[in-house]
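In: quick one, structure for this:
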Amino acid sequence: MTTSNELGVRVAGIRSYNSTESCGHYHMDKMQGRELTTDSIQSAFRMFFFDGNELHVAAIERILQKLRNIIELIKLCDSVRLYCCSLLLVYESDKTAKLNYKTDIRIIDFAEFQTQSGDGVRYDGPDEGFLRGLESLVRLLGNLVKEGNEKKKDITEEHEDEDEEKD
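Out: Below is the predicted model of the structure:
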């Protein structure tokens, strides 16, 4: 079973900075993305937002807000269908200001944009398939935020324990 069928989402490629990779970046091509399962797709998104040192939770939160805005817009688009389109997710971190992320989401490759079926019948309501994919992506990225916040909490508690031992 593919992630497209289960989640309405498939990874078509990833390229992100990662200090632990020999070439300085993490790369996943379209064929590797097709091999992802509903169990492994989470780790692909984790690698996209992980630079070798930390998971960029603030960038994920900004992307999530933009995804939620897109969901609200798509819900307003009566009769529009976006078949075979892609989302381009981009984030760029400023090394001097860790919380200052430039983020962008683009809907691309929408050559199959339609407002009516092949027999001329106008579609009714928003594109439920596209919404399902967006909502799956929100859920997957939301899981990463929770994971990142739990790790930060654990690290903070470790430091507090060390400080108490010093006193």
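In: ok, the lengthiest strand in the chain: who's next to it in the sheet?
Out: If you go by DSSP state E, the chain has its longest strand at strand 97-108. Strand pairing for strand 97-108, determined by DSSP bridges: strand 86-94 (antiparallel).
In: now do the buried residues in the strand it pairs with.
Out: Under the neighbour-count criterion of 16 or more other Cβ atoms under 10 Å, strand 86-94 has Leu87, Leu89, Tyr91, Ser93 buried. For the C-beta atoms, the positions are set from N, CA and C on the backbone; glycine is no exception.
In: which element, helix or strand, includes the closest residue to the third one other than its chain neighbours?
Out: What it means is Tyr91. Leaving aside its chain neighbours, Tyr91 sits nearest to Ala59 (4.2 Å; criterion: Cβ to Cβ, 6 or more residues apart in numbering). According to DSSP states H and E, Ala59 maps onto helix 57-76.
In: need the CA coordinates for that helix. PDB is fine.
Out: Extracted in PDB, the C-alpha atoms of helix 57-76 (Å, rounded to 0.1, in the frame of the first residue of the first chain):
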ATOM      1  CA  VAL A  57      10.400  22.800  15.500                       C
ATOM      2  CA  ALA A  58       9.900  26.500  14.900                       C
ATOM      3  CA  ALA A  59      10.100  26.000  11.100                       C
ATOM      4  CA  ILE A  60       7.700  23.200  11.300                       C
ATOM      5  CA  GLU A  61       5.200  25.300  13.300                       C
ATOM      6  CA  ARG A  62       5.400  28.100  10.700                       C
ATOM      7  CA  ILE A  63       4.800  25.500   7.900                       C
ATOM      8  CA  LEU A  64       1.900  24.100   9.800                       C
ATOM      9  CA  GLN A  65       0.300  27.500  10.100                       C
ATOM     10  CA  LYS A  66       0.600  28.100   6.400                       C
ATOM     11  CA  LEU A  67      -0.800  24.600   5.700                       C
ATOM     12  CA  ARG A  68      -3.800  25.400   7.900                       C
ATOM     13  CA  ASN A  69      -4.400  28.600   6.000                       C
ATOM     14  CA  ILE A  70      -4.300  26.700   2.700                       C
ATOM     15  CA  ILE A  71      -6.800  24.200   4.100                       C
ATOM     16  CA  GLU A  72      -9.200  27.000   4.900                       C
ATOM     17  CA  LEU A  73      -8.800  28.500   1.400                       C
ATOM     18  CA  ILE A  74      -9.400  25.100  -0.300                       C
ATOM     19  CA  LYS A  75     -12.500  24.600   1.700                       C
ATOM     20  CA  LEU A  76     -13.800  27.800   0.100                       C
END
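In: thank you kindly, that will do.
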